[in-house]
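In: no sequence for this one, just the structure:
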């Protein structure tokens, strides 16, 4: 593909794979899996790329060539950016002249407009009065707060309909990562249900 940059994690992406998604038995296992998948740098802190991961490479339980490639790509990027010759960031007018060019704002606005996506509604919404139950799929289906990311500490809650009697519940004995149901008793014409998919 010709990509010559480095790959960095989304904010807390490696830790989320361990803490929230439960995909690995330890932070360092999440770290080595991420590095083997091509992740060069973990942000914002070393959760999976930790001291125990370093021990795995030192002991030979992780492939040293994977680490070598990640380090190589990071060093190459630093060389291309001139960080070895000029390790400190630009400031003031020098910074502005390098990074703020005429037409930047217009290009940003154009990019935003061209990236908008209009979803087609084939008559699914508003929901028909005949609909009495909706399946909400996913392990985070009953957690509205997770939509805002791990760092968001605002209000929390579950998805619900917009009238008394609407409730979100999990069938007895169901897998906690399985299906939830939103009951909609006595719904009036044109009522909406606020549901987002969490997979």
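Out: Sure thing, it's come through. As the structure is a computational prediction, the values presented were derived from the model and not from experiment.

In: Domain parsing of the protein, as residue ranges.
Out: Under automatic domain parsing, the residue ranges defining each domain of the chain are 13-81, 124-199.

In: Now the weakest link among these, please, by mean pLDDT.
Out: Of all those, the minimum mean pLDDT falls on domain 124-199 (a mean of 52).

In: Could you pull out the buried residues of the helix or strand residue 79 falls within?
Out: Assigned by DSSP states H and E, residue 79 belongs to helix 64-81. Residues of helix 64-81 classed as buried: 67, 70, 73 (neighbour count, 16 or more other C-beta atoms under 10 Å). For the C-beta atoms, the positions are set from N, CA and C on the backbone; glycine is no exception.

In: try stretch 6-25
Out: Across stretch 6-25, burial judged by 16+ other C-beta under 10 Å covers 6, 9, 12, 13, 14, 15, 16, 17, 18, 24.

In: so which helix or strand takes in the fifth one?
Out: Spelled out, it's residue 14. Per DSSP H and E: helix 13-19 holds residue 14.

In: and the angle for the following helix or strand past that helix with helix 64-81?
Out: Later in the chain than helix 13-19, the nearest helix or strand by DSSP H and E is helix 27-36. Counting by axes from the mean of the first three to the mean of the last three C-alpha atoms, to 10 degrees, helix 27-36 lies at 60 degrees to helix 64-81.

In: Remind me what the helix or strand that helix 27-36 is followed by packs against, helices and strands.
Out: Using DSSP H and E, the next helix or strand after helix 27-36 towards the C-terminus is helix 51-59. Contacts defined by 3 or more C-beta pairs under 8 Å, 6 or more residues apart in numbering; DSSP states H and E place helix 51-59 against helix 27-36.

In: what's the angle between the helix it packs on and helix 51-59?
Out: Using the same axes, to 10 degrees: helix 27-36 against helix 51-59 is 60 degrees.

In: For helix 27-36, buried residues please.
Out: Using 16+ other C-beta under 10 Å as the test for burial, helix 27-36 gives 27, 28, 29, 30, 31, 32, 33, 34, 35.

In: Put together CSV for those residues, with distance to residue 126 on each row.
Out: Output for the buried residues of helix 27-36, formatted as CSV (distance: C-beta to C-beta, whole Å):
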residue, distance to residue 126
27, 45
28, 49
29, 46
30, 42
31, 46
32, 48
33, 43
34, 42
35, 47
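
In: Looking at those, which two lie furthest apart in space?
Out: By the measure C-beta to C-beta, 27 and 35 form the most distant pair in those, at 12.6 Å.

In: coming back round to it: tell me what the helix holding residue 79 is packed against?
Out: Going by 3+ C-beta pairs under 8 Å, 6+ apart, helix 64-81 lies up against helix 27-36.

In: 10 Å instead, please
Out: helix 27-36, helix 51-59 (3 or more C-beta pairs under 10 Å, 6 or more residues apart in numbering; DSSP states H and E).
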